[in-house]
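Q: structural data only, the sequence is not supplied:
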């Protein structure tokens, strides 16, 4: 029996891991069961945060211009978008005892900016301490994938975004970072191999979600 309560579920992984697809699948399944839920994403999720997202993307795609954001400016923009997202959408939804499913959250900042771009972890942690409060995911699905498969999925996309422009070696390092992060807390993190993106993968994710929901 489902007891109405708030849950914060996040999906993490490199581009081409299928996290956006799987997060949408889980959301649709939950909604079909009449369970109050929202699906959101980072960076973005609210009008203000989406505006910040566009600034980040614009800077990235014009990287050959003389004016380019420093990696700390870039990181602060992500954190600013997160703050807006938390205040305007995530926290209000959790207070209403809804299920919040988010495509990317703090682990992406750690994997991409800290491990990938070598931004100081203490810098990120200090900002998070101020904006997160007690908010943290109850469950995080980390989708791992064969790098060749991820690159193929990215290549087949009609429209590319900021994350689709990194090198193969960068994706390899970031995926290793996600796995490393996941191994620090096996109760919260659930690693799923999504190289084949089958119905079985969807069922594994759904089963793990319902296990948490039943507690």
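A: Received, thanks. Not measured: the values here are computed from a predicted model. Residues are numbered from 1 along each chain as shown.

Q: helix, strand or coil for residue 101?
A: strand (DSSP: H, G, I helix; E, B strand; the rest coil).

Q: check it and give its pLDDT.
A: We note a pLDDT of 98 for residue 101 in this prediction.

Q: please apply the same query to residue 64.
A: 58.

Q: what's the answer for residue 155, then?
A: What the model reports as pLDDT for residue 155 is 79.

Q: do you know how far it is from residue 148?
A: Applying Cβ to Cβ, to the nearest Å, the value for residue 155 to residue 148 is 11 Å. For glycine as for every other residue, the C-beta is placed from the backbone atoms N, C-alpha and C.

Q: try residue 183
A: Distance, residue 183 to residue 148, using Cβ to Cβ: 24 Å.

Q: burial of the residue nearest to residue 18 when sequence neighbours are not counted, as a residue count?
A: Among residues not flanking residue 18 along the chain, residue 194 sits closest, at 4.4 Å (Cβ to Cβ, 6 or more residues apart in numbering). By the criterion of other Cβ atoms under 10 Å, residue 194 has 26 neighbours.

Q: which residues does residue 194 contact?
A: Contacts for residue 194 (Cβ atoms under 8 Å, 6 or more residues apart in numbering) come out as 13, 17, 18, 19, 22, 143, 144, 145, 201.

Q: so the second one, which state does it fall into?
A: Under three-state DSSP, residue 17 falls in the coil class.

Q: run through the bridge partners of the residue nearest to it when sequence neighbours are not counted.
A: Nearest residue to residue 17, sequence neighbours excluded (Cβ to Cβ, 6+ apart): residue 143, at 4.1 Å. Beta-bridge pairing of residue 143 under DSSP bridges involves residue 192.

Q: wait, residue 143 sits on residue 15?
A: No: judged on Cβ atoms under 8 Å, residue 143 makes no contact with residue 15 at a distance of 10.8 Å.

Q: who's more crowded, these two?
A: For the pair residue 143 and residue 15, the greater number of neighbours falls to residue 143 (28 against 22), based on other Cβ under 10 Å.

Q: pLDDT wise, what is that one at?
A: We have a pLDDT of 96 for residue 143.

Q: okay, it and residue 133: tell me how far apart.
A: Distance, residue 143 to residue 133, by Cβ to Cβ: 27 Å.

Q: same thing with residue 38?
A: Distance of residue 38 to residue 133, given as Cβ to Cβ: 19 Å.

Q: out of the two, which sits in the more crowded spot?
A: Higher neighbour count among residue 38 and residue 133: residue 38, with 19 against 10, using other Cβ under 10 Å.

Q: what's the strand or helix carrying the more buried one packed up against?
A: According to DSSP states H and E, residue 38 maps onto strand 37-41. Contact here means 3 or more Cβ pairs under 8 Å, 6 or more residues apart in numbering; DSSP states H and E; on that basis strand 37-41 packs against helix 19-32, strand 99-103.

Q: tell me the buried residues in the first one?
A: Using 16 or more other Cβ atoms under 10 Å as the test for burial, helix 19-32 gives 19, 20, 21, 22, 23, 25, 26, 27, 29, 30.

Q: thought the fourth one was touching residue 203?
A: No: with contact defined as Cβ under 8 Å, residue 22 does not reach residue 203; the gap is 11.2 Å.

Q: ok, back up a step: who's in contact with the residue nearest to residue 17?
A: 11, 12, 13, 17, 18, 19, 22, 192, 193, 194.
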